[in-house]
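**Student:** starting from these lines, generate the structure:
(one chain, ligands or ions: 2)
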Amino acid sequence: MKREIDINEISDGRRYSLNDMVKADCQDCVGCSDCCRGMGSSIVLDPLDVHRLMEGTGLAMEQLLEGYLELTVVDGVILPSLRLDGPGESCRFLTKEGRCGIHAFRPGICRLFPLGRLYENRNVSYFLQVKECSHKNRGKIKVKKWLGEPEAARYEAFILDWHYFLLDVEAAVERRQEDAFHRQITAYLLRLFYLTPYRKEDFYGQFYRRLKEAGSFSAAATGPADSEASLGRLTDPQDPRPASEE
Ligand code: SF4
Ligand code: SF4
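**Tutor:** Numbering: from 1, shown residues only. Ligands and ions are numbered 1, 2, ... in the order given. The predicted model follows:
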């Protein structure tokens, strides 16, 4: 989700990378669930989030959408987000005890909090949100450890490629200015990246093959300008197989 903000107003002014130490460790957030309430539709899910939710809950995407998720327009593209509703505008996964009911497979934005992601010059870094988390005595922790991702570098590359791919889609939709095209590409992306389950093993390999396929779709639908913008970076450096294999 794009936000045009002055980073110095909401952070400590520093940009952190995976190996930096940051004061983010809320020590299990005892007694607090502030960031699981009142966040609107801002907790947007990427394909890995949904893959993990489907694996962790045993629910299909359609079932998740019926109970726990909703579809949100994000920068012109329709994406799933956590559904926060009811009197306290609480996440549907928040338990009565105020704990996350899906802690082991909660979405990336939840795992990251109170850090946020900053995209600049085709790189991603992290910033500490100083106004969002009320915990006073946060401990220092390495960003990589806080993320808790077993393949942190690969995860970061995925986050980056997904972000810039969505920007390319948004640009293509704006250029075309056609409702029919918008509907077509939105339905296609939802089906390709979210509704079609991934196999348990090697999410990233499967994701990059789908990304390549989406680039071909974009090329056919929009012409060379968009295809050049999308296709150049749609390969997983760790996966030598061609896009058609899955
Ligand atoms: S606001 Fe901070 S302390 Fe409270 S649940 Fe969120 S991360 Fe934990
Ligand atoms: S998924 Fe868990 S951590 Fe994220 S908002 Fe919901 S209850 Fe909170």
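**Student:** next, give phi and psi for the residue nearest to residue 29 when sequence neighbours are not counted.
**Tutor:** Distances taken as CB to CB, 6 or more residues apart in numbering place residue 135 nearest to residue 29, at 6.9 Å, with adjacent residues excluded. The C-beta positions use only the backbone N, C-alpha and C, and glycine is treated the same way. Main-chain torsions, residue 135, degrees, to the nearest 10: phi -60, psi 130.
**Student:** for residue 203, what are phi and psi?
**Tutor:** Dihedral angles for residue 203 - degrees, to the nearest 10 - are phi -60, psi -50.
**Student:** what about it, how many residues nearby?
**Tutor:** If you count neighbours by other CB atoms under 10 Å, residue 203 ends up with 19.
**Student:** swap in residue 80?
**Tutor:** 28.
**Student:** now the lengthiest helix in the chain, how far from the centre of its chain.
**Tutor:** In the chain, ranked by residue count with DSSP state H as the criterion, the top helix is helix 152-176. Centroid separation for helix 152-176 versus its chain: 10 Å, with CA atoms, centre = their mean, to the nearest Å.
**Student:** please apply the same query to stretch 200-215.
**Tutor:** Centroid separation for stretch 200-215 versus its chain: 15 Å, with CA atoms, centre = their mean.
**Student:** how much space between the residue nearest to the spatial centre of the chain and ligand 1?
**Tutor:** In the chain, the residue lying closest to the centroid (CA atoms, centre = their mean) is residue 46, at 3.5 Å. Using CB to the nearest ligand atom, to the nearest Å, residue 46 is found at 20 Å from ligand 1.
**Student:** not counting its neighbours along the chain, what's nearest that residue?
**Tutor:** Of all residues not flanking residue 46 in the chain, residue 162 sits nearest, at 5.4 Å (CB to CB, 6+ apart).
**Student:** how near is residue 135 to residue 15?
**Tutor:** Applying CB to CB, to the nearest Å, the value for residue 135 to residue 15 is 22 Å.
**Student:** cool, and residue 209?
**Tutor:** Look at residue 209 and residue 15: by CB to CB, they are 32 Å apart.
**Student:** likewise residue 39?
**Tutor:** Counting by CB to CB - residue 39 and residue 15 are separated by 23 Å.
**Student:** between these two, which has more neighbouring residues?
**Tutor:** residue 39 (19 against 15).
**Student:** which residues in this structure form helices?
**Tutor:** Along the chain, counting by DSSP H, helices occupy 7-10, 47-57, 61-67, 108-112, 143-147, 152-176, 179-190, 203-222, 224-231.
**Student:** what's the angle from the second one to helix 152-176?
**Tutor:** Relative orientation of helix 47-57 versus helix 152-176 (axes from the mean of the first three to the mean of the last three CA atoms, to 10 degrees): 120 degrees.
**Student:** in stretch 194-206, which residues are buried?
**Tutor:** Residues of stretch 194-206 classed as buried by neighbour count (16 or more other CB atoms under 10 Å): 194, 198, 203, 204, 205, 206.
**Student:** excluding residues flanking it in the chain, which one is nearest the first one?
**Tutor:** Closest residue in space to residue 194, ignoring its immediate chain neighbours: residue 50 at 5.2 Å, by CB to CB, 6+ apart.
**Student:** please list the residues of this protein that sit near ligand 2.
**Tutor:** 36, 43, 82, 91, 93, 94, 100, 102, 106, 107, 110 (CB under 6 Å from any ligand atom).
**Student:** mind running it again at 5 Å?
**Tutor:** By CB under 5 Å from any ligand atom, the residues of the chain that approach ligand 2 are 36, 91, 93, 94, 100, 106, 110.
**Student:** how about TSV for those, with distance to residue 178 added?
**Tutor:** Formatted as TSV, the residues of the chain next to ligand 2 follow (distance: CB to CB, whole Å):
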residue	distance to residue 178
36	39
91	35
93	37
94	40
100	41
106	37
110	36
